[in-house]
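>>> what's the 3D shape of this:
(one chain, ligands or ions: 2)
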Amino acid sequence: MSSSSSNRDHEPLSIEVKDVTMIFNMASESLTNLKEYFIKMARHELFFEEFKALKNVSFDIHRGEVVGLVGTNGSGKSTMLKVIAGVLEPSEGQVVVHGNIAPLIELGAGFDPELTARENIYLNGALLGYTKEFIDSSFDEIVDFAELSDFVDMPLKNFSSGMVARIAFAIATITEPDILIVDETLSVGDVFFQEKCERRIQKLINSGDVTVLFVSHSMDQVERICERAIWIEKGDLRLDGPVDEVCKAYREQFE
Ligand SMILES: Nc1ncnc2c1ncn2[C@@H]1O[C@H](COP(=O)(O)OP(=O)(O)O)[C@@H](O)[C@H]1O
Ligand SMILES: [Mg+2]
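Ligands and ions are numbered 1, 2, ... in the order given. All right, here's what the predicted structure looks like:
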């Protein structure tokens, strides 16, 4: 059930997720204010419930695979992407990543709303490991792709979330990363921009060895782009296999 069954099995490993459990501590009662919180804490009356967002999840992704992560809301998809991207440390288990990751995970992560779009392109590019010279030479292409040339010197706080997503996507895909991770954030853009992003992802996929891990609320999009899907449900790995099989099983649960 957890074999990847793709034709990339002979390729070197790109992402290894080994028995990953992610526990979040949730306050077990709702506190109305900070004072109450500190009083309870001082009295050692503050209890937390452990919430497992991921439970012993394991899978391997090979170089060049294009994998969709599916599951109902709150099932742990974004948490899984964050653990892979190194944004979150797993409570148990281990993730090994081979190569550099371009993560498109949380909208606005790596951006400063007070800075202009231009300054944010340099800031975010630096976080992705690009040199200043490289950003200088790619700047126009990034701005063109994001279709925001009239707004480059405007502070980012005046941008809509869709505009921020455009910039983030344009920066992350200006080079060919080893691993591209895309969370649902892309869906905030308008439909034309989504199609443009999909074309660029497709181009990255066709051009070579890039590994793609993709979360989308659109099953059609997952089936269009991915060859394999991993279904995570309420923190459990439910099914891992060819995209049509997994999507079929996923759809059937709602029938
Ligand atoms: N930082 C956090 N602290 C506490 N709970 C969290 C945190 N991040 C996510 N969760 C919880 O973990 C579960 C999985 O969330 P998430 O990975 O965002 O799901 P998905 O992306 O599949 O919708 C949800 O119940 C969510 O509320
Ligand atoms: Mg999510």
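
>>> shaky segments in this protein?
For the chain, residues meeting the criterion pLDDT under 70 lie at 1-6, 27-31, 106-108, 185-189.

>>> can you rerun that using 80?
1-9, 26-34, 36-37, 40-42, 44-49, 103-109, 185-190, 208, 255 (pLDDT under 80).

>>> all strands of the stretch 1-150 of the chain, in order?
Taking DSSP state E, counting those that start in this stretch, the strands of the stretch 1-150 of the chain run over residues 13-27, 48-62, 66-70, 92-97, 101-104.

>>> cool, and the stretch 151-255 of the chain?
Counting by DSSP E, counting those that start in this stretch, the stretch 151-255 of the chain has strands at residues 179-182, 211-215, 228-233, 236-242.

>>> how about those strands in CSV, adding mean neighbour count and distance to ligand 1?
For glycine as for every other residue, the C-beta is placed from the backbone atoms N, C-alpha and C. CSV is the format used below for those (neighbours: other CB atoms under 10 Å; distance: least, CB to the nearest ligand atom, whole Å):
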stretch, mean neighbour count, distance to ligand 1
strand 179-182, 23, 13
strand 211-215, 25, 7
strand 228-233, 23, 7
strand 236-242, 18, 12
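
>>> do you know which of these lies nearest Glu92?
Glu92 lies closest to strand 236-242 among the strands of the stretch 151-255 of the chain, at 14.5 Å (CB to CB).

>>> and the closest one, how far out from the chain middle?
Computed by CA atoms, centre = their mean, to the nearest Å, the chain-centroid distance of strand 236-242 equals 18 Å.

>>> partners of it, with directions?
strand 228-233 (antiparallel) (DSSP bridges).

>>> between strand 66-70 and the strand it pairs with, find me the angle.
Here the directions of strand 228-233 and strand 66-70 differ by 20 degrees (axes from the mean of the first three to the mean of the last three CA atoms, to 10 degrees).

>>> who in the protein is up against ligand 1?
Listed as neighbours of ligand 1 in the chain under the rule CB under 6 Å from any ligand atom: Phe24, Ala53, Gly71, Asn73, Gly74, Ser75, Gly76, Lys77, Ser78, Thr79.

>>> check contacts around the last one.
Under the criterion of CB atoms under 8 Å, 6 or more residues apart in numbering, the contact list for Thr79 reads Met22, Ala53, Leu54, Leu88.

>>> isn't the first one up against Ile84?
Read it as Met22. No - using CB atoms under 8 Å, Met22 is not in contact with Ile84, being 11.3 Å away.

>>> neighbour count: the two, which is higher?
Under the neighbour definition other CB atoms under 10 Å, Met22 and Ile84 were set side by side, and Ile84 has more, 25 against 22.

>>> quick one: Glu49 from Phe24, how far?
Separation of Glu49 from Phe24 (CB to CB, to the nearest Å) stands at 9 Å.

>>> the two: which is more packed in?
With other CB under 10 Å as the criterion, Glu49 and Phe24 differ in neighbour count, and Phe24 comes out ahead with 14 against 10.

>>> residues near the closest residue in space to the more buried one that isn't next to it in sequence, how many?
Counting by CB to CB, 6 or more residues apart in numbering, Phe24 lies nearest to Phe51, which is 4.8 Å off, once chain neighbours are set aside. Other residues within reach of Phe51 by the criterion other CB under 10 Å amount to 11.

>>> Phe51 and Met22 touch, don't they?
No - using CB under 8 Å, Phe51 makes no contact with Met22, being 9.2 Å away.

>>> out of the contacts of Thr79, flag the one nearest to ligand 1.
Sorting the contacts of Thr79 by distance to ligand 1 puts Ala53 at the head of the list, at 3.6 Å, by CB to the nearest ligand atom.

>>> what separation is there between the residue lying farthest from the centre of the chain and ligand 2?
For the chain, the C-alpha lying farthest from the average C-alpha position belongs to Arg43; by CA atoms, centre = their mean, that distance is 39.8 Å. With distances defined as CB to the ion, to the nearest Å, the gap from Arg43 to ligand 2 amounts to 36 Å.
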